[in-house]
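With the input below, show me the fold.
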Amino acid sequence: MTEQITPPPEPWRQRLIRTLLYGKNVDRSAKARARVGLAIIAFAAVYAIIAGRLVMFAIGGDGHGTRRTASQDAVATARPDILDRNGMILATDVKTPSLFGEPRRIIDKDEAIELLTGTLPDLDAGEVRDRLSSKKGFVWLKREITPTQQKEIYRLGLPGVGFLRENKRVYPSGPVVSHLIGHVNIDNQGIAGIEKWLDSNGLADLHRAGFATDRQQEPVRLAVDLRVEHALRDELLKAKDKFKAKAAAGLVSNVNTGEIIAMVSVPDYDPNNPREANDPTRINRLTTGVFEMGSTFKSLTLAMALDSGRATVNTLYDARAPLTYGKFKIHDTHNLGRAVPMWEVFTESSNVGAARVALSMGVEAHKAFLRKLGQLSRLRTELPESAEPLVPKRWGELNTITIAFGHGMAVAPLQAVMGINALVNGGYLIPPTFLKRSREDAMQLAKQVVKPETSASMRYMMRLNAERGTARKADVKGYYVGGKTGTSEKVVNGRYSKKQVLNSFTAIMPADNPQYQLLIMLDEPQPLPETHGFITSGWNTVPTGGKVIERIAPLLGMVPRFDLPPSDRLILAASKESR
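Below you'll find the predicted structure:
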């Protein structure tokens, strides 16, 4: 009789693991067969998907997605709308068809070239032949064709020729905001102005990652007011024609936020036709150009002395005769022949008086004050186009004398506007911006650069200048305008020319509580009979500024006020009472 051997009992750990994996009373061999079957089905599905994709690629050639990845001819991507401060559209995308070819699928290239150039006469036959003879799977033949052209080409029935709907950038207001908005290239990539700023601030990265294509994006709201922009441009064009000037420029800034409400430089260009921007006469003179700002710089010189506490608006300066420095003589437009108080240095725009003010402060104090007001370094804004100021390498007393009245140093006009804003808004230097900004946000960026009482004195002198000085022709009743004129002789063949000048006029409104600053510039205005042969600022930029103020003040929500007291009682007296 055979002895039956009993298997040793299964350890409890193995029994626990087997129960967790298979459960109790399960046929392990049946379960193994089921698992093998399931694995076979899974592998078969994966291989079926791969085979299906290979068949699709073989039949369809280069699909839309493949074309965009493999081709170096990018499809124009979507961009956000750009709006003015009131929601008016300044730039938007529209869908337009573009013509492409697939060289590997075209049967008869000669026939295709003949038919396409016959339908689109502006196509270059040689260029089309080169593109269709390449080994690429996809080439552009013509971007942004019309719907009519699309229908005509479609009727040709050419295999290997098709259409893609692309985003085309459109600027409804044309040249009105061209220098501010900028423009894009054929691939909808920003190459100037705010459009370029958008790309450099994340939009280009979104496009490269594929997240911004054909997707509705949050619009960008600018500080510019299209209504004010249009009025400013209209008056500048009229002034340019009337005074036969080479160019004209203007800017409206909110003195309390730094917002640029309007910016115009003519000649300008139509961003819908960006080739016009290549004309060197069409540069943005307010940010890209740097200029000697003439007597508008006297505002900074006098503010320096007032802020130091060494002078008041009644401090006397010797203007009896020209100021001699070495072999140089500094003259006034008309000899005052006496000592004059600071306020009269301002209203008479005395070069001699301004030079003596600067000399009384010294070279280092002068440099330090201009540096504090942001005049010695490049101004950075959202616009990529900006220029470095031209500052003397060796700054001595003679440089201080000439810079005191706006010669011998060149800055971007927007830079000068920023400095003058600080002189009238209570003393706060606020970086300019082309985007909407609240007063609260502006004050977080602001730096106190002059005392409030200095600011009050500057407002007083600017208002006084409109009451009885060189800015009288801009004293629009009801808006309590203040201002400063500037006539800067241009350097021609190494010498200053009295017949070729750059004129400027900066105005604040209202002078007792400034909200806005207006800058007007005319490049080489010509004398007219009505100006009695004069070409100085008071005869051209000042009346132009007055016309602009008449049109834009109501648009800016300024309510006219009449029968206001003169500046010495409304501004200066109020300033003394507040101390």
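
measure the spatially most central residue of the chain to Phe43 for me?
Closest to where the C-alpha atoms of the chain average out (CA atoms, centre = their mean) is Leu383, at 3.4 Å. Shown here: Leu383 relative to Phe43, a distance of 60 Å by CB to CB, to the nearest Å. All C-beta spots, glycine's among them, are computed from the backbone N, C-alpha and C.

same question, Glu348
96 Å.

Which one's more surrounded, those two?
Using other CB atoms under 10 Å as the criterion, Glu348 and Phe43 rank with Glu348 on top: 19 against 10.

show me what contacts the more buried one?
Residues near Glu348 by CB atoms under 8 Å, 6 or more residues apart in numbering: Asp332, Leu336, Val340, Gly469, Thr470.

swap in Ala44?
Here Ala44 is in contact with no residue (CB under 8 Å, 6+ apart).

So it belongs to a helix, correct?
Yes. Ala44: assigned to a helix according to DSSP: H, G, I helix; E, B strand; the rest coil.

and it, what pLDDT?
You'll see Ala44 listed with a pLDDT of 80.

residue boundaries of the strands in the stretch 401-550 of the chain?
428-429, 447-448, 482-492, 495-509, 516-523 (DSSP state E, counting those that start in this stretch).

Save these as a markdown table, and put in mean neighbour count and mean pLDDT too.
A markdown table is the format used below for the strands of the stretch 401-550 of the chain (neighbours: other CB atoms under 10 Å; pLDDT from 0 to 100):
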| stretch | mean neighbour count | mean pLDDT |
| --- | --- | --- |
| strand 428-429 | 20 | 98 |
| strand 447-448 | 12 | 97 |
| strand 482-492 | 23 | 92 |
| strand 495-509 | 22 | 93 |
| strand 516-523 | 26 | 98 |
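
of all those strands, which lies closest to Leu164?
Set against Leu164 and scored by CB to CB, the strands of the stretch 401-550 of the chain come closest in strand 516-523, at 45.0 Å.

ok, that closest one: who's next to it in the sheet?
According to DSSP bridges, strand 516-523 forms sheet pairs with strand 247-254 (antiparallel), strand 495-509 (antiparallel).

among those, which is nearest Leu306?
strand 495-509 (16.5 Å).

Now do the closest one against strand 482-492: the angle between them, please.
160 degrees (axes from the mean of the first three to the mean of the last three CA atoms, to 10 degrees).

before we move on, the earlier item: could you dump the strands of the stretch 401-550 of the chain into a markdown table with distance to Val411 added?
Formatted as a markdown table, the strands of the stretch 401-550 of the chain follow (distance: least, CB to CB, whole Å):
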| stretch | distance to Val411 |
| --- | --- |
| strand 428-429 | 14 |
| strand 447-448 | 18 |
| strand 482-492 | 12 |
| strand 495-509 | 12 |
| strand 516-523 | 12 |
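
Could you tell me the per-residue confidence at Lys142?
pLDDT, read off for Lys142, is 84.

Not counting residues beside it along the chain, what's closest to it?
Residue nearest to Lys142 in three dimensions, not counting chain neighbours: Leu99, with 4.6 Å by CB to CB, 6 or more residues apart in numbering.

re the thing from before, for the contacts of Glu348, which PyMOL command selects only the ones that are buried?
In PyMOL syntax, the buried subset of the contacts of Glu348 is picked out as below (16 or more other CB atoms under 10 Å):
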select buried, resi 332+336+340+469+470
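
Name the residues that touch stretch 561-579?
313, 452-453, 456-457, 459-460, 463-464, 467, 477-480, 482, 510-512.

One more pass at 10 Å, please.
313, 343, 452-468, 477-480, 482, 510-513 (CB atoms under 10 Å, 6 or more residues apart in numbering).

what angle sits between the helix or strand hosting Leu306 and strand 495-509?
Using DSSP states H and E, Leu306 sits within helix 298-308. Angle of helix 298-308 versus strand 495-509, following the same axes, to 10 degrees, is 60 degrees.

Could you shift the numbering so residue one becomes 29, and keep it that way?
New numbering, starting at 29: the last item is helix 326-336.

Give the buried residues for helix 326-336.
Lys326, Ser327, Leu328, Thr329, Leu330, Ala331, Met332, Ala333, Leu334, Asp335.

That helix packs against which elements?
helix 370-375, helix 379-389, helix 391-400, helix 425-432, helix 441-452, helix 480-496, strand 510-520 (3 or more CB pairs under 10 Å, 6 or more residues apart in numbering; DSSP states H and E).

I am finished for the moment; much appreciated.
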